[in-house]
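Q: predicted model and sequence follow; I will ask about them next.
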There are 2 protein chains.
Amino acid sequence: MTLDDFPPGTLPAEPMVPRVDRASPSVQKVTRAEELRLQLADEIVRGTLAPGAPLDETDIARRFSVSRTPVREALRQLVTSGLVEARPHRGAVVAQPSIERLKSMFEAMAELEALCAGLAAERMSAAERHGLEAIHEELRVLSYAGNPDRFHEVNERFHNAIYAGSQNGYIAEITLATRVRVQPFRRAQFRNLGRLAKSQAEHDRVVVAIMRGDKQGAAAAMRAHIELVRGEYEIYAVSV
Amino acid sequence: MTLDDFPPGTLPAEPMVPRVDRASPSVQKVTRAEELRLQLADEIVRGTLAPGAPLDETDIARRFSVSRTPVREALRQLVTSGLVEARPHRGAVVAQPSIERLKSMFEAMAELEALCAGLAAERMSAAERHGLEAIHEELRVLSYAGNPDRFHEVNERFHNAIYAGSQNGYIAEITLATRVRVQPFRRAQFRNLGRLAKSQAEHDRVVVAIMRGDKQGAAAAMRAHIELVRGEYEIYAVSV
DNA sequence: GCTCCAAGCATTGCATGCAAAGAGAAACAT
DNA sequence: ATGTTTCTCTTTGCATGCAATGCTTGGAGC
């Protein structure tokens, strides 16, 4: 047995940060295939392209006024990063994992986030700790103000700060990748303000533990947070 | 007159150029790009293509008697899976992570393997436990017999069995992917028989803990094992 | 002799065209 | 009506060719 045939759809090499603003002329440098990859990933993560939605090479090529070649490249990369499923001769679709697999991914996310939190508790610099507290405070205000979209945005900054705090780029990467992959299956997450407040309380435990340098506590608090969050989600896995 | 002149649907249906039979008719199913991906991944993991080695599209295309298109596809996938680095307009090379990054990956591997071991301790079925013990026994014999290659092979089966025992396909996947990515940087791992014996002793602690259903113990033992293994490796990270 | 610039050139990126291969539909037989 | 078979046609896979991009190197100026 060898390691050569590792399963497809393993890991994205670079974090797939969903780009919001494509109008920015700063990123002129980008290739067409890359643009497509980011754009499609973005639409999938945001839910514009729902799980199961068909991704026809020719259609996409027309839609973006490019040839099929860069579209193929983009789709291939999305397949290996797990956001897209390619069924031979039946077209590619937005990935639609089984419930079993979704459970796997959520569990992995809980463990990975917990790992990051634990490492962050041990390793965060003073500056990073201040930064985390600042974001946490920002979230506290937002949890009152109650703008779910904005909350969601800052919430991501919160988690990203903890990933970075682990001082382990690779772990941060696979954690983010996992988060991105489950993103399409988290829907009405911050719709009600009750969830916002609860989330805030859970974050609080995480932050306190990190500030104390309490590795175990931080990991446990984060694990609990993710498990709870997961419980609130509706998990979509449309048939089969 | 070209084939364009035929209205759609009037083209001759039968194959005009009967493909010469490939050597092994069993793997007819596989696409060229996939073949290339597996072959290149294999050579990278085995060390035939050393980290930093250039991967010229045209060369590879010539070498495998295909056009650049499938080569590009294969390289792209290897990039997203982390085995290859693509530097814009400077060619692709076998991935050559910095020492910092290698440390990250090794740490991640230790944590992921520990996670798998812990979950396996809780979740492995009776059959799986028997299977693991069988592999462990096989390794014990091999550690005496002292065939490093064979030991390496069965050792992989050992770890894979634990991944599977976690009952979490996603975690198993990212753990394996991580193992694959660090593989090129593990060299003289089982060269000396002393290491084989030590490895066996460490495995033993892991197996005992798993059999007892001792989650913490299994995780700790596995983490220790990986950390030690890592200490024995020479970590190649050539410059920069 | 060193630095800066420019033109050449290797390499990548994309488009286009064609062929193979299934999947689905239609037609046929039972 | 249902199962089967053939046929069509969409979709994928690959090759080839051209264009653009920026690395590189050779030359000119300081």
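A: Received it, and whenever you're ready, just let me know what you need.
Q: packing partners for the strand or helix carrying A:Leu40?
A: Taking DSSP states H and E as the definition, A:Leu40 sits inside helix A:32-46. Secondary-structure packing of helix A:32-46 (3 or more Cβ pairs under 8 Å, 6 or more residues apart in numbering or on different chains; DSSP states H and E): helix A:57-64, helix A:68-80. Every residue, glycine included, has its C-beta placed from N, CA and C.
Q: and the last one, what's buried?
A: Using 16 or more other Cβ atoms under 10 Å in any protein chain shown as the test for burial, helix A:68-80 gives A:70-80.
Q: quick check: mean pLDDT across it?
A: Here helix A:68-80 scores 92 as its mean pLDDT.
Q: after it, next one along is what?
A: Sequence-wise, the next helix or strand downstream of helix A:68-80 (DSSP H and E) is strand A:84-86.
Q: quick one, helices of chain A?
A: A:32-46, A:57-64, A:68-80, A:99-123, A:126-145, A:148-165, A:169-182, A:193-212, A:215-232 (DSSP state H).
Q: in a markdown table: these, plus distance to B:Thr178.
A: Output for the helices of chain A, formatted as a markdown table (distance: least, Cβ to Cβ, whole Å):
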| stretch | distance to B:Thr178 |
| --- | --- |
| helix A:32-46 | 22 |
| helix A:57-64 | 32 |
| helix A:68-80 | 15 |
| helix A:99-123 | 12 |
| helix A:126-145 | 25 |
| helix A:148-165 | 16 |
| helix A:169-182 | 8 |
| helix A:193-212 | 25 |
| helix A:215-232 | 19 |
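Q: B:Ala121 is nearest to which of the ones you listed?
A: Nearest of these to B:Ala121, taken as Cβ to Cβ: helix A:99-123 at 14.5 Å.
Q: which positions in chain A make contact with DNA strand D?
A: Applying Cβ under 7 Å from any atom of the strand, we find that chain A lies next to DNA strand D at A:29, A:56-58, A:68-69, A:72, A:88-89, A:91-92.
Q: the residue nearest the centre of chain A and A:Ile226: what is the separation?
A: In chain A, the residue lying closest to the centroid (Cα atoms, centre = their mean) is A:Val180, at 2.3 Å. To A:Ile226, A:Val180 is 15 Å away according to Cβ to Cβ, to the nearest Å.
Q: for A:His89, same thing?
A: 38 Å.
Q: so these two - more neighbours on which side?
A: For A:His89 versus A:Ile226, neighbours defined as other Cβ atoms under 10 Å in any protein chain shown are more numerous around A:Ile226 (22 against 5).
Q: list the contacts for the closest residue to the more buried one other than its chain neighbours?
A: Take A:Ile226 and drop its neighbours on the chain: the residue closest to it by Cβ to Cβ, 6 or more residues apart in numbering or on different chains is A:Ala110, 4.0 Å away. Shown in contact with A:Ala110 (Cβ atoms under 8 Å, 6 or more residues apart in numbering or on different chains): A:222-223, A:226-227, A:230.
Q: also A:Arg72?
A: Contacts of A:Arg72 (Cβ under 8 Å, 6+ apart): A:57, B:73.
Q: coming back round to it: of the contacts of A:Ala110, select the buried ones using a ChimeraX command.
A: The buried subset of these, as determined by 16+ other Cβ under 10 Å, is captured in ChimeraX by this line:
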select /A:222,223,226,230
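Q: got a markdown table for the contacts of A:Ala110, with pLDDT too?
A: As requested, the contacts of A:Ala110 are exported to a markdown table (pLDDT from 0 to 100):
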| residue | pLDDT |
| --- | --- |
| A:Met222 | 97 |
| A:Arg223 | 96 |
| A:Ile226 | 91 |
| A:Glu227 | 86 |
| A:Arg230 | 71 |
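Q: gap between the closest residue to A:Tyr163 other than its chain neighbours and DNA strand C?
A: Excluding the flanking residues, the one nearest A:Tyr163 by Cβ to Cβ, 6+ apart is A:Ala172, at 3.8 Å. Distance of A:Ala172 to DNA strand C, computed by Cβ to the nearest atom of the strand, to the nearest Å: 26 Å.
Q: do the same with A:Glu227
A: For A:Glu227, the distance to DNA strand C - Cβ to the nearest atom of the strand - is 39 Å.
Q: and A:Arg140, by the same measure?
A: 44 Å.
Q: ok, now A:Asn168?
A: According to Cβ to the nearest atom of the strand, A:Asn168 and DNA strand C sit 29 Å apart.
Q: just the pLDDT for that residue.
A: If you check A:Asn168, the pLDDT there is 98.
Q: that one reaches B:Ala108, doesn't it?
A: Yes - using Cβ atoms under 8 Å as the test, A:Asn168 is close enough to B:Ala108 to be in contact (6.6 Å).
Q: skip the chain neighbours and tell me the closest residue to A:Ala50.
A: Distances taken as Cβ to Cβ, 6+ apart place A:Val94 nearest to A:Ala50, at 6.5 Å, with adjacent residues excluded.
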